[in-house]
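J.: Sequence and predicted structure are below.
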Amino acid sequence: MAYDYDDANIFAKILRGEIPNDTVLETEHTLAFRDIQPKAPSHVLVIPKGKYVTFDDFAENAPAEEIMDFMRAVAQVTKQEGLSTGSGGHGFRAITNAGNDGVQEVPHFHLHILGGRVIGPMVMQLRD
Ligand code: 5GP
């Protein structure tokens, strides 16, 4: 079954300019903006402008040029936010949630960049 992109999702509306956002970086194929409910002092969402539902959709189907643009944008954001260990920062966590079990709220692929404090354990211990 193919990935089913929903044009009504909130990030599609942001990309169409229908909803405002706090942009930190825009490139040809990528947009990075602040999360509306930040979970850390620095919480930036990096999204491709193309219509990809999840990380695996993007990884499988995006042209190399878009993937390269996205990855370089991530690096630029970590520098701009003062998080990159290569530029004297203290590091960050990059998270992407996919689908039901990944507890993805917005069905347009996005990478969360979280930093500015120690982020804590990777995942909570789950119980059935
Ligand atoms: P997910 O759970 O899909 O990985 O994360 C979705 C993220 O999008 C959440 O952290 C949520 O706070 C953020 N978000 C939802 N709606 C908006 C919005 O309208 N603007 C911005 N900037 N972030 C949003």
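T.: Happy to help now that I have it.
J.: Beyond the longest strand anywhere in the chain, next helix or strand please.
T.: Across the chain, the longest stretch assigned as strand under DSSP state E is strand 42-48. Scanning forward in sequence from strand 42-48 by DSSP states H and E, the next helix or strand is helix 55-61.
J.: Could you list the buried residues of that next one?
T.: Using 16 or more other CB atoms under 10 Å as the test for burial, helix 55-61 gives Phe55, Asp57, Phe58. Backbone N, C-alpha and C define where each C-beta goes, glycine included.
J.: how about the first one, what does it touch?
T.: The one in question is Phe55. Counting by CB atoms under 8 Å, 6 or more residues apart in numbering, Phe55 touches Thr96, Ala98, Phe109, Leu111.
J.: switch the cut-off to 6 Å
T.: Listed by CB atoms under 6 Å, 6 or more residues apart in numbering, the contact set of Phe55 reads Thr96, Ala98, Phe109.
J.: How about it, nearest residue that isn't a chain neighbour?
T.: In space, and not counting its chain neighbours, Phe55 is closest to Thr96: 4.6 Å by CB to CB, 6 or more residues apart in numbering.
J.: Is there any residue in whichever strand or helix holds Met71 that contacts the ligand?
T.: Using DSSP H and E, Met71 sits in helix 64-80. No - if you take CB under 6 Å from any ligand atom as the test, helix 64-80 misses the ligand, and the best it gets is 13.9 Å.
J.: relative orientation of that helix and strand 42-48 in degrees?
T.: 170 degrees (axes from the mean of the first three to the mean of the last three CA atoms, to 10 degrees).
J.: could I get the contacts of Phe55 as TSV with secondary structure, neighbour count and distance to Ala8?
T.: Shown next, in TSV, are the contacts of Phe55 (DSSP: H, G, I helix; E, B strand; the rest coil; neighbours: other CB atoms under 10 Å; distance: CB to CB, whole Å):
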residue	secondary structure	neighbour count	distance to Ala8
Thr96	coil	16	21
Ala98	coil	15	19
Phe109	coil	27	16
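J.: sorry, back to before: wait, isn't the residue nearest to Phe55 in contact with Leu114?
T.: No - between Thr96 and Leu114 there is no contact under CB atoms under 6 Å: 11.7 Å.
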